[in-house]
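1. quick one, fold the following:
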Amino acid sequence: ATAHVRCRPASGWLACRVGTRYITGGMCEEDMEIWDSAGHLVAQSRQLTLLQ
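-> Below you'll find the model as predicted:
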């Protein structure tokens, strides 16, 4: 897994979006974005996972 912290979040809520674009060979890439209450991208991550 890889994670990138881009900035300190503003006070308030955090919104997360998780998704995948590719599922092949029993594996998938999961991408995640975390946004703060001011609309700034706070962090991103990517993980390769095995589907069972």
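
2. run the chain-centre distance for stretch 30-42.
-> When C-alpha coordinates are averaged (Cα atoms, centre = their mean, to the nearest Å), stretch 30-42 and its chain have centres 8 Å apart.

3. all strands for this protein, in order.
-> 2-5, 14-19, 23-24, 27-36, 41-50 (DSSP state E).

4. now, of these, which is deepest in the fold?
-> Highest mean neighbour count among those (mean count of other Cβ atoms under 10 Å): strand 27-36, with a mean of 15. C-beta: built from backbone N, CA, C; applies to glycine.

5. partners of that strand in the sheet?
-> strand 14-19 (antiparallel), strand 23-24 (antiparallel), strand 41-50 (antiparallel) (DSSP bridges).

6. mean confidence (pLDDT) on it, please.
-> Per-residue pLDDT values across strand 27-36 average out to 96.

7. can I get the strands paired with strand 27-36 in TSV including distance to residue 31 and mean pLDDT?
-> As requested, those are arranged in TSV below (distance: least, Cβ to Cβ, whole Å; pLDDT from 0 to 100):
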stretch	distance to residue 31	mean pLDDT
strand 14-19	6	97
strand 23-24	13	92
strand 41-50	5	96
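
8. JSON lines for these, including distance to residue 8?
-> Putting the strands paired with strand 27-36 into JSON lines (distance: least, Cβ to Cβ, whole Å) gives the following:
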{"stretch": "strand 14-19", "distance to residue 8": "12"}
{"stretch": "strand 23-24", "distance to residue 8": "34"}
{"stretch": "strand 41-50", "distance to residue 8": "8"}
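
9. which of those strands sits closest to residue 34?
-> Of all the strands paired with strand 27-36, the one in closest proximity to residue 34, counting by Cβ to Cβ, is strand 41-50 (4.4 Å).
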